[in-house]
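A.B. asks: just the structure for this:
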Amino acid sequence: MSFQFARSARKILCIGRNYAAHIAELNNAKPQQPFYFLKPSTSILEPSTGPVLIPKGVVVHHEVELAVILNKELKNLNPETFTQKDALDAVEGYALAIDFTARNVQDEAKKKGLPWTIGKGFDTFCPLSYFIPKEKIPDPYNVELYLKINGEEKQRDLTSLMIFPIHKILSTMSSVMTLEKGDIILTGTPKGVGKVVPGDHISAGLSVDGKEISEGKLELEVEQKPGPYEYKET
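C.D. replies: Here you go, the predicted model:
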């Protein structure tokens with residue numbers, strides 16, 4: 001199973017608020033167009049390389065997502081003419097991702113009008129599965145995502161519930177910044193996000209037509225992050 005795709009990624013771009021039920025559970029406003037944020041490549045956690053690390057004083061939430069890996073450069077795409085077929089032609093393959101969020105850090109930043117990069121950017125805050133070949137997911141809107149904590153299911157939904165489809169996501173992003181071959185796009189999380197703490201075990205995966213894709217399976221332990229960082233109000 002290959003993981004080289006993530007080691008060569010220039011950018012990780014993440015769509016926010018792309019599932020209606022998730023928007024409701026966080027009491028957020030529904031966006032009129034796709035909005036997104038960046039996670040650093042250093043937040044990537046490769047399969048079977050170690051635990052998810054929870055910083056001291058931080059409330060961390062899990063967000064399981066379908067990740068798209070690009071096979072070409074995309075720049076200044078016209079949303080009126082860039083089609084779903086064009087988008088699929090630009091996809092090299094897929095992966096399962098978990099976008100971990102330091103929720104109390106993010107909430108404080110949003111309240112004060114500050115950037116919330118820190119809340120998304122800690123080391124290990126972007127576990128990625130192995131590369132999933134494109135032919136194993138012929139329709140990215142026919143994928144069921146799930147996540148369990150200590151054997152208890154927390155998230156399970158179909159990607160057909162996305163508000164903004166992939167071609168809309170890519171055209172919007174490309175009008176602002178050039179998308180490069182190898183960039184990783186996280187397409188949003190369904191409902192059920194919640195807290196993870198040291199000592200938890202996380203299982204996550206995805207299936208197509210009821211058949212789980214082995215490359216997309218993640219098994220993660222959760223531990224306390226070592227080092228000097230401890231959350232304090234900005």
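A.B. asks: how many residues are close by the closest residue to residue 224 other than its chain neighbours?
C.D. replies: Using C-beta to C-beta, 6 or more residues apart in numbering and skipping the chain neighbours, the partner closest in space to residue 224 is residue 198 (4.6 Å). No exception for glycine: its C-beta is placed from N, CA and C like everyone else's. Neighbourhood size, residue 198 [other C-beta atoms under 10 Å]: 14.
A.B. asks: same check, this time on residue 33
C.D. replies: Other residues near residue 33 come to 9 when the count uses other C-beta under 10 Å.
A.B. asks: please apply the same query to residue 186.
C.D. replies: 27.
A.B. asks: ok, it touching residue 16?
C.D. replies: No - the criterion here is C-beta atoms under 8 Å, and residue 186 misses it with residue 16 at 9.5 Å.
A.B. asks: got a list of what the residue nearest to residue 224 touches?
C.D. replies: 54, 222-224 (C-beta atoms under 8 Å, 6 or more residues apart in numbering).
A.B. asks: residue 180 too?
C.D. replies: Counted by C-beta under 8 Å, 6+ apart, residue 180 has contacts 10-11, 70, 73.
A.B. asks: inside helices: which ones of those residues?
C.D. replies: Judged by DSSP state H, the contacts of residue 180 include no members of helices.
A.B. asks: ok, of those residues, which come out buried?
C.D. replies: By neighbour count, with 16 or more other C-beta atoms under 10 Å, these hold 11, 70 as buried.
A.B. asks: from the contacts of residue 180, pick the one nearest residue 228.
C.D. replies: Among these, residue 11 lies closest to residue 228 (C-beta to C-beta), at 28.0 Å.
A.B. asks: ok, how many other residues are close to the residue nearest to that closest one when sequence neighbours are not counted?
C.D. replies: Among residues not flanking residue 11 along the chain, residue 183 sits closest, at 4.8 Å (C-beta to C-beta, 6+ apart). Neighbours of residue 183 under the rule other C-beta under 10 Å: 24.
A.B. asks: and residue 183, how far is that from residue 70?
C.D. replies: Residue 183 sits 5 Å away from residue 70, taking C-beta to C-beta, to the nearest Å as the criterion.
A.B. asks: swap in residue 153?
C.D. replies: 31 Å.
A.B. asks: swap in residue 119?
C.D. replies: Distance, residue 119 to residue 70, by C-beta to C-beta: 25 Å.
A.B. asks: for residue 30, same thing?
C.D. replies: Distance from residue 30 to residue 70, by C-beta to C-beta: 27 Å.
A.B. asks: and what of residue 6?
C.D. replies: 13 Å.
A.B. asks: what does residue 150 give?
C.D. replies: Residue 150 is 35 Å from residue 70, by C-beta to C-beta.
A.B. asks: okay, and the common contacts of residue 6 and residue 70?
C.D. replies: Jointly contacting residue 6 and residue 70 under the rule C-beta under 8 Å, 6+ apart are residue 184.
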